[in-house]
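In: Based on what follows, work out the 3D shape:
(3 chains)
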Amino acid sequence: MSTLIELCEFNASYADAIDSDQLERWPAFFTNDCHYRITNVENESEGLMAGLVYADSRAMLVDRIAALREANIYERQRYRHIIGLPMIGTAQDDSVEAKTPFMVTRSVSAGPSELFATGVYQDRFVRIENRWALARRVVVCDSSTIDTLLALPL
Amino acid sequence: MSTLIELCEFNASYADAIDSDQLERWPAFFTNDCHYRITNVENESEGLMAGLVYADSRAMLVDRIAALREANIYERQRYRHIIGLPMIGTAQDDSVEAKTPFMVTRSVSAGPSELFATGVYQDRFVRIENRWALARRVVVCDSSTIDTLLALPL
Amino acid sequence: MSTLIELCEFNASYADAIDSDQLERWPAFFTNDCHYRITNVENESEGLMAGLVYADSRAMLVDRIAALREANIYERQRYRHIIGLPMIGTAQDDSVEAKTPFMVTRSVSAGPSELFATGVYQDRFVRIENRWALARRVVVCDSSTIDTLLALPL
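Out: You can find the predicted model right below:
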């Protein structure tokens, strides 16, 4: 039960880093050699690894944030994540797989909040130095129509 | 407190069965002689039992899924549930009433995710063979405009 | 961990009071000399205290509900809150700060549920007579376009 609560707390903090414009905190949720990918359910069911966003190290996540800051994209949009309860799958002492649904809204400039993406996180967490980190987060979006404007992490 | 966590885990698994196209798992969340009904707040406040969907046994839920599969409706749409925390009411050792809010989005074919339904589950859970099962789930939707295309379970 | 669960239960009950038309229960979630405010992220980041709604006592909250009832506004609309997990900040024995994301949908008359507001609660809870109460809730909406029709509490 405590693992469940810990993963909930992890996801709450993860969402807050993105939604409150503290993007530089985001890569620290991952391991050094993490796998992070945004894809959609059609691609995933066909086994296509190519996604909308792909990174296989934390350094690439750091680069991505730097690029977003340089492009100044974040000024124009704001996300809000609501993350559901993790369904915990295979679990060992220092590693756990989980599947967690999410909804994300986006507001652009001063406009209204609109539903932006829904889907599921397919995660593998590992325990390092007494805290959880993401060794893998595959963000599987329900829709395949969200590629063009995608900018912030999900 | 553990009952609360258990009901959260139950709802996470319930949502996942529907949202990940494992509809055949859905009836197993209910008791044999369950009551399942989808209605809306107007009908419910007037005491109208007639809902958009009505079943008074698990066998009827099984039939419903078989019909959905035959009609091949599921290929064209996908749901995503985000389920809130249960408010636990009357509780006994092997039975508990709960009221739980939900939001469901739907994406049709390759289209965008759109808000489909919001409302509250009015539930009675019973404990059978060391796990919880739904003896009653009344799905009270906030809006009365979602009847026509309703197909998947909520 | 138990504080986290208690705050989740608090928020579930808070949302239910508003969403199930038991608005008169709403002021009881606050302390006598509470600070309650609805604002948006632009105003808040500029330090503007003026919000869409402002109250600095529970009596003002009671007045607000009475006014809503008199105007009969509630008959025409219905909210649904989905509230995320609190991120707990500074905590003492009888006081805790928390930051909690929310999404609220609204259905007007018999119309469809539509996304109405997203944002974050910036809260300070105090423990009084063995239960939590809000000494401060600042509702920071992500969008600045929701002022005109705002009526029910968030």
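In: Now the residue of chain A most remote from its centre. Nearest residue, chain neighbours left out?
Out: Distance from the C-alpha centroid of chain A peaks at A:A110, with 24.4 Å (C-alpha atoms, centre = their mean). Leaving out its chain neighbours, the residue that sits closest to A:A110 by C-beta to C-beta, 6 or more residues apart in numbering or on different chains is C:S144, at 4.8 Å. (Each C-beta comes from the backbone N, C-alpha and C, glycine too.)
In: Helix, strand or coil: sort out the residue farthest from the centre of chain A for me.
Out: The three-state label given to A:A110 by DSSP: H, G, I helix; E, B strand; the rest coil is coil.
In: Next up, the contacts around it.
Out: C:E42, C:S143, C:S144, C:T145 (C-beta atoms under 8 Å, 6 or more residues apart in numbering or on different chains).
In: Could you name the helices and strands sitting against the helix or strand bottoming out on mean pLDDT in chain A?
Out: Lowest by mean pLDDT, DSSP states H and E among the helices and strands of chain A is helix A:41-45, with a mean of 83. Contact here means 3 or more C-beta pairs under 8 Å, 6 or more residues apart in numbering or on different chains; DSSP states H and E; on that basis helix A:41-45 packs against strand A:131-141.
In: Given the strand it packs on, what are its sheet partners and their directions?
Out: Each strand paired with strand A:131-141, and its direction, by DSSP bridges: strand A:30-40 (parallel), strand A:113-128 (antiparallel).
In: How many residues are close by A:S2?
Out: 7 (other C-beta atoms under 10 Å in any protein chain shown).
In: Over to A:A151?
Out: Neighbour tally, A:A151, other C-beta under 10 Å: 16.
In: Give me the secondary structure label for it.
Out: coil.
In: measure it to C:G119 for me?
Out: Distance, A:A151 to C:G119, using C-beta to C-beta, to the nearest Å: 20 Å.
In: Next: A:T3.
Out: Look at A:T3 and C:G119: by C-beta to C-beta, they are 29 Å apart.
In: who's more crowded, the two?
Out: Neighbours per residue (other C-beta under 10 Å) separate A:T3 from C:G119, with C:G119 holding more: 29 against 15.
In: and the closest residue to the more buried one other than its chain neighbours, what pLDDT?
Out: Distances taken as C-beta to C-beta, 6+ apart put C:C141 closest to C:G119, at 4.1 Å, once the chain neighbours are dropped. Per-residue pLDDT puts C:C141 at 92.
In: Ok, the one 3 residues further on next?
Out: At C:S144, the pLDDT value in this model is 83.
In: Next one: it from A:S107, what distance?
Out: 9 Å.
In: Between these two, which is the more surrounded one?
Out: A:S107 (24 against 17).
In: Okay, angle between the helix or strand harbouring that one and strand A:131-141 too, please.
Out: Assigned by DSSP states H and E, A:S107 belongs to strand A:95-108. Strand A:95-108 and strand A:131-141 meet at an angle of 60 degrees, taking axes from the mean of the first three to the mean of the last three C-alpha atoms, to 10 degrees as the criterion.
In: List the neighbouring strands of strand A:95-108 plus their orientation.
Out: Its sheet considered, strand A:95-108 pairs with strand A:77-83 (antiparallel), strand A:87-92 (antiparallel), strand A:113-128 (antiparallel) by DSSP bridges.
In: Where among those strands is average confidence lowest?
Out: Note on the strands paired with strand A:95-108: lowest mean pLDDT is at strand A:87-92, with a mean of 89.
In: Can I get that strand as PDB, trimmed to CA atoms?
Out: The C-alpha trace of strand A:87-92 is given here as PDB (Å, rounded to 0.1, in the frame of the first residue of the first chain):
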ATOM      1  CA  MET A  87      -2.400   0.200 -11.400                       C
ATOM      2  CA  ILE A  88       0.600  -1.600 -10.100                       C
ATOM      3  CA  GLY A  89       1.800  -4.600 -12.100                       C
ATOM      4  CA  THR A  90       5.000  -6.600 -11.600                       C
ATOM      5  CA  ALA A  91       6.700  -5.400  -8.500                       C
ATOM      6  CA  GLN A  92      10.100  -6.200  -6.900                       C
END
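In: Only the buried residues of the least confident helix or strand of chain A, if you could.
Out: For helix A:41-45, the neighbour count (16 or more other C-beta atoms under 10 Å in any protein chain shown) marks A:V41, A:N43, A:E44 as buried.
In: In TSV: the residues you listed, plus distance to A:R127.
Out: As requested, the buried residues of helix A:41-45 are exported to TSV (distance: C-beta to C-beta, whole Å):
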residue	distance to A:R127
A:V41	29
A:N43	30
A:E44	26
